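1. Next comes the sequence, and after it the predicted model I'd like to discuss.
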Amino acid sequence: MKKIAIAAAITLGLSAPASAEYLYGFGNVSVNALDWSNGSEERAAHHKDFVYLELEGGAGFSWGELYGFFDVENVQEDSSDLRTAYKGTAAYKLGESGFRAYAQHYATDSSGFSSSNTVLGGQYRFEGEGWFVAPFIGSHYTITNPSWTSGFSGFNGGMAGWTAVYNFTAFDQNFWVSNWHEMEFSRKDAYIASSGEEKGTSMNGALGFWWNATDNITAGIQYRYADKKLGSTDNLNAVIYSMRYNF
């Protein structure tokens, strides 16, 4: 029943008024190669380099913003090693201020493990010409189904973080910097026991540098980082090399 209630809340958050004005949108498909640092592979031996395909898109309306992606990971391996992951967010404007009601859902599934994370809360969007920063905070509901333990299902403290983008021009070329960052706090002991992570505030995110070579082609490099997250008690970091085709 809790799963149904959460799904219904997200569906309501994604439902735009019939009179909504479309403001902007984007979409792309990309090939990405994630290379864990040597230290990360020593600290967490189950983390291996992998290639993933991603479909990503977003849109802005007079009522707020939508964003989402879908990944197929480990495509360099055979089909039994494939993983999938997806994320969707919705931010609904509260009047004329920068405040929004915020919903976020992330899920991943692979052989022997699946999990989902849902956040319901609030967001504030700071923005200007070519940039925005959107911090959020909310209640966190987690479901994990690992094959090696009983897993966890329930409210799991809170999550806070932000998304930020800055566009600029240099040498007659268009570049942009992106950062997404998430922190989980007050996580339940039962979750910690089943996740292989550690008590305390976790961190998870990526800092990216992107070059719009043409209207259709974007190349990027990202610094990926995590601490007390991704099934590990240790600090992890990686570099992601990306090539996107923009619709």
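-> In hand now; what should we look at? Numbering: from 1, shown residues only.
2. rest of the way, CA atoms for contacts and neighbours
-> Fine.
3. Strands of the chain, start to end?
-> Ranges of strands in the chain, per DSSP state E, are 22-36, 50-61, 64-73, 83-93, 99-110, 113-124, 126-128, 131-144, 152-170, 173-185, 202-212, 217-227, 235-246.
4. Format those as CSV; extra columns: mean neighbour count.
-> Listed next are the strands of the chain as CSV, based on neighbours: other Cα atoms under 10 Å:
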stretch, mean neighbour count
strand 22-36, 16
strand 50-61, 18
strand 64-73, 19
strand 83-93, 20
strand 99-110, 20
strand 113-124, 20
strand 126-128, 12
strand 131-144, 20
strand 152-170, 17
strand 173-185, 18
strand 202-212, 19
strand 217-227, 19
strand 235-246, 19
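5. Need those in a markdown table (columns: distance to S194).
-> Listed next are the strands of the chain as a markdown table, based on distance: least, Cα to Cα, whole Å:
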| stretch | distance to S194 |
| --- | --- |
| strand 22-36 | 24 |
| strand 50-61 | 25 |
| strand 64-73 | 23 |
| strand 83-93 | 20 |
| strand 99-110 | 16 |
| strand 113-124 | 12 |
| strand 126-128 | 37 |
| strand 131-144 | 8 |
| strand 152-170 | 7 |
| strand 173-185 | 16 |
| strand 202-212 | 15 |
| strand 217-227 | 17 |
| strand 235-246 | 19 |
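6. For Y191, which of these is the nearest?
-> Closest to Y191 of the strands of the chain, according to Cα to Cα: strand 152-170, at 5.7 Å.
7. List the pairing partners of the closest one within its sheet, with orientation.
-> When pairing is defined by DSSP bridges, strand 152-170 lines up against strand 131-144 (antiparallel), strand 173-185 (antiparallel).
8. need those strands in TSV with distance to V72 and mean pLDDT, can you?
-> Shown next, in TSV, are those (distance: least, Cα to Cα, whole Å; pLDDT from 0 to 100):
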stretch	distance to V72	mean pLDDT
strand 131-144	19	97
strand 173-185	20	98
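9. residues contacting the nearest residue to W176 once chain neighbours are set aside?
-> Leaving out its chain neighbours, the residue that sits closest to W176 by Cα to Cα, 6 or more residues apart in numbering is N167, at 4.2 Å. Going by Cα atoms under 8 Å, 6 or more residues apart in numbering, N167 touches G130, W131, N174, F175, W176, V177.
10. if we can go back for a sec, can you add distance to N246 and give the strands paired with strand 152-170 back as CSV?
-> Shown next, in CSV, are the strands paired with strand 152-170 (distance: least, Cα to Cα, whole Å):
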stretch, distance to N246
strand 131-144, 19
strand 173-185, 14
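11. closest to V31 out of these?
-> strand 173-185 (17.7 Å).
12. Between the contacts of N167, which sits nearest F99?
-> W131 (17.0 Å).
13. ok, and the closest non-adjacent residue to the closest one?
-> Closest residue in space to W131, ignoring its immediate chain neighbours: Y166 at 4.4 Å, by Cα to Cα, 6+ apart.
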